[in-house]
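[1] My questions concern the predicted model and sequence given below.
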Amino acid sequence: MPDTNEKSFSKSSDKTLNRDKNEVDPKLLDILVCPLSKTPLIYDKKSNELISKSAGLAFPIRNGVPILLIDEARRLDEFK
Amino acid sequence: MSHPVIFDRNLLAKNRSRVAGSFQNFDFLLENALGRLTDRLLDLSRSFELVLNLGARNGMLEKIWPKELKTPKFIHADISEKMIGETVNNAARVVCDEEFLPFAPNSLDAVISCLSCHWANDLPGALKQITGTLKPDSLFLVSILGGQTLFELRDVLSAAELELKGGVSPRVSPFATLQDFAHLMQRGGLALPVADTDTVVVSYNNIFELMRDLRGMGETNILIERSRMPATKAFFLRANQIYQERFVDRKGKLKATFEIFTGTAWTPHPSQQKPLRPGSAKLSLKEALNN
């Protein structure tokens, strides 16, 4: 995520909601679990994914929206 | 899983994504049903902190939230990524399937689902998951299409297909009855269920206008057993004729019925009224009568 993007968003006129467009809503992040195993998800900032260790799946985040569909997840081989 | 899989959920996501950009031209039924849901909310005089809008489409719930009520924090969830992209900027949004809910137990104050759960393969299972995500004494407010919905269309498509092809394939989804709906909420572990029904009749000049609306709403057939043969123009022309013969209003327009079930139910809490357990009485009936 380039820094320049972040700056332009913090200038947004809406002062209460100056999150980066690609950041997941923190309150939402608090309560999300794996749709399959219902266990907690780990937010991997680098890959911008939500990782379910127990299901061995990585769910993508696009435009700040977690895509928690099993068909859209990347399989994590190291957890097999 | 033991329940039958009758709906193609991937196709539901595709149908909604395809129409996301123009959905605001076809959201009259959603708006109508949402109005019924918010009426229930006004009757309840309760406020909620965190509300999940499940099957949110373009997040209209937040836009029409009654001013009389405290605005909660909304989470908009839909199976279609494009549809959820149409919600208000900066809203908390997630793409998920009602049948595989990604919310922690005990985390939500209300789940509101408008005209979406009728596409669930395992509605009791989905309701159980919803119940699990709610805190005690929290609200599940839901509407689905049910009962007599599109009975006219079902009838004329079957008649036309029987006539032209000598057989019938399912073209209109089966719908739950109001009794099914109330029972389902109880089976899902919810208390104090209340369900009622409203009928909306929409008039159309012809069957093609009706089909265009259903497509625009993302509500076209997702039955797995649907016919894979694309229906011909001749087929719809004949169906249109039969529709004109059987289901017209006084002005000669085609009638299309939508039956909307609206229900409220609560996650159990000790403060709610409930019957005493059998055998738990401290007084015998004889003593009670003598007093």
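    Structure received.
[2] And the pLDDT at residue 80?
    You didn't say which chain, so I picked chain A. Looking at residue A:80, its pLDDT stands at 46.
[3] ah, no, chain B please
    Turning to residue B:80, the model gives it a pLDDT of 95.
[4] Surely it is in contact with residue B:95?
    Yes. Using C-beta atoms under 8 Å, residue B:80 makes contact with residue B:95 at a distance of 7.3 Å. No exception for glycine: its C-beta is placed from N, CA and C like everyone else's.
[5] which one of the two has more residues nearby?
    More crowded of residue B:80 and residue B:95, by other C-beta atoms under 10 Å in any protein chain shown: residue B:95, with 26 against 23.
[6] Contact partners for that one?
    A:65, A:66, A:67, A:68, A:69, A:72, B:77, B:78, B:79, B:80, B:81, B:84 (C-beta atoms under 8 Å, 6 or more residues apart in numbering or on different chains).
[7] The first one contacts residue B:94, doesn't it?
    Yes. Residue A:65 sits in contact with residue B:94 when judged by C-beta under 8 Å, with a separation of 6.4 Å.
[8] and the closest residue to residue B:247 other than its chain neighbours, what is it in contact with?
    Nearest non-adjacent residue to residue B:247, counting by C-beta to C-beta, 6 or more residues apart in numbering or on different chains: residue B:152, 4.1 Å away. Contacts for residue B:152 were tallied using C-beta under 8 Å, 6+ apart; they are B:243, B:246, B:247, B:254, B:255, B:256, B:257.
[9] Report the separation between residue B:152 and residue B:199.
    For residue B:152, the distance to residue B:199 equals 12 Å [C-beta to C-beta, to the nearest Å].
[10] Touching both of the two, which residues are there?
    residue B:257.
[11] Up against chain A, what does chain B have?
    Counting by C-beta under 8 Å from any C-beta of the partner chain, chain B comes close to chain A at B:10, B:13, B:50, B:73, B:75, B:79, B:81, B:84-85, B:89-97, B:100-105, B:107-108.
[12] ok, 6 Å please
    B:75, B:90, B:92, B:93, B:94, B:95, B:96, B:100, B:102, B:103, B:104, B:107 (C-beta under 6 Å from any C-beta of the partner chain).
[13] shouldn't residue B:118 be in contact with residue B:144?
    Yes. Using C-beta atoms under 6 Å, residue B:118 is in contact with residue B:144, at 4.2 Å.
[14] So between the two, which is more surrounded?
    residue B:144 (27 against 20).
[15] Okay, residue A:53 and chain B: tell me how far apart.
    15 Å (C-beta to the nearest C-beta, to the nearest Å).
[16] Now do that residue against residue B:53, distance only.
    From residue A:53 over to residue B:53 the distance is 29 Å, taken as C-beta to C-beta.
[17] of those two, who's got more company?
    Neighbours were counted for residue A:53 and for residue B:53 using other C-beta under 10 Å; residue B:53 has more, 28 against 16.
[18] now the helices: where do they sit in the stretch 1-150 of chain B?
    Here the stretch 1-150 of chain B has its helices, by DSSP state H, counting those that start in this stretch, at B:9-19, B:28-44, B:60-63, B:81-84, B:123-133.
[19] deepest of these, which one?
    helix B:81-84 (a mean of 22; mean count of other C-beta atoms under 10 Å in any protein chain shown).
[20] where's the closest residue to residue B:25 other than its chain neighbours, which helix or strand?
    Excluding the flanking residues, the one nearest residue B:25 by C-beta to C-beta, 6+ apart is residue B:216, at 6.3 Å. In this assignment (DSSP states H and E), residue B:216 forms part of helix B:207-217.
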